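> predicted model and sequence below, questions to follow.
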Amino acid sequence: MKINVAQLLRASIGSVRDYEVKQAIDITGDGVDSLVQGKVRLMRTNRSILVKGELETGVELTCSRCLGSFKYPLKINIEEEYYPTADVDTGVAIAVPDEPGCFTIDQNHILDLTEAVRQYALLAIPMKPLCKENCAGLCPFCGQNLNRGPCGCPPKAADPRWAELSKLKKEKGK
Ligand SMILES: [Zn+2]
Ligand SMILES: [Zn+2]
């Protein structure tokens with residue numbers, strides 16, 4: 001996701017360029033690439049290049065309830081400033097803001113979106129993903145994935161914890 005922004009750095013403040021993004025990158029670090037697609041708009045500001053865009057991709061996740069893997073669609077709304085590290089005409093080094101995680105444009109005026117897209121995508125992934133809203137999960141007794149149909153366990157099989165709870169309830173009711 002490398003874009004040469006030498007031209008844009010020479011353009012006047014407020015100039016914009018639109019780019020089509022279509023590239024596969026490894027988002028979750030598991031060696032599986034996800035195709036990222038969408039549009040980004042680059043704008044020259046007085047100190048940087050502002051990147052704004054809407055990208056879409058899909059990642060393979062593990063359902064937190066049934067442990068099945070499924071494809072999760074991700075929308076990435078990116079908005080990030082990239083600071084030049086070298087003057088586009090003279091090549092003289094430019095100091096970048098002293099902010100942790102601030103994105104830069106390299107000495108050859110290449111702006112690389114990959115890391116920002118990866119970070120934004122990771123933030124968009126839910127902590128406890130579900131393969132579907134009403135995922136039935138696993139049977140606590142035999143471990144069968146209940147999305148594939150009922151297991152052979154007797155209904156309301158006696159879980160000692162529930163038995164204890166209902167005993168308490170009964171005692172309270174007295
Ligand atoms: Zn599930
Ligand atoms: Zn079961």
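Structure received. Ligands and ions are numbered 1, 2, ... in the order given.
> wait, residue 144 touches residue 151, no?
Yes: using CB atoms under 8 Å, residue 144 is in contact with residue 151, at 3.9 Å. C-beta coordinates here come from the backbone N, C-alpha and C atoms, glycine included.
> so which strand or helix has residue 7?
Secondary structure assignment for residue 7, by DSSP states H and E: helix 6-10.
> parallel or antiparallel, list what pairs with the following helix or strand past that helix.
Per DSSP H and E, the first helix or strand lying C-terminal to helix 6-10 is strand 16-26. Sheet pairing here is set by DSSP bridges, and for strand 16-26 it gives strand 33-44 (antiparallel).
> report the backbone C-alpha coordinates of the partner strand in PDB.
Coordinates of each C-alpha in strand 33-44 appear next as PDB, following Å, rounded to 0.1, in the frame of the first residue of the first chain:
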ATOM      1  CA  ASP A  33      -3.600 -12.200   4.000                       C
ATOM      2  CA  SER A  34      -6.900 -10.300   3.800                       C
ATOM      3  CA  LEU A  35      -7.800  -8.300   0.700                       C
ATOM      4  CA  VAL A  36      -8.300  -4.700   1.600                       C
ATOM      5  CA  GLN A  37     -10.300  -2.600  -0.800                       C
ATOM      6  CA  GLY A  38     -11.700   0.900  -0.900                       C
ATOM      7  CA  LYS A  39     -10.800   4.500  -1.600                       C
ATOM      8  CA  VAL A  40      -8.500   6.900   0.100                       C
ATOM      9  CA  ARG A  41      -8.200  10.700  -0.300                       C
ATOM     10  CA  LEU A  42      -4.900  12.300   0.400                       C
ATOM     11  CA  MET A  43      -4.800  16.000   1.200                       C
ATOM     12  CA  ARG A  44      -1.800  18.200   1.500                       C
END
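> show me the contacts for the residue nearest the centre of the chain.
With distances taken as CA atoms, centre = their mean, the residue of the chain nearest its centroid is residue 121 (1.8 Å). With contacts defined as CB atoms under 8 Å, 6 or more residues apart in numbering, the neighbours of residue 121 are 27, 34, 36, 57, 59, 74, 76.
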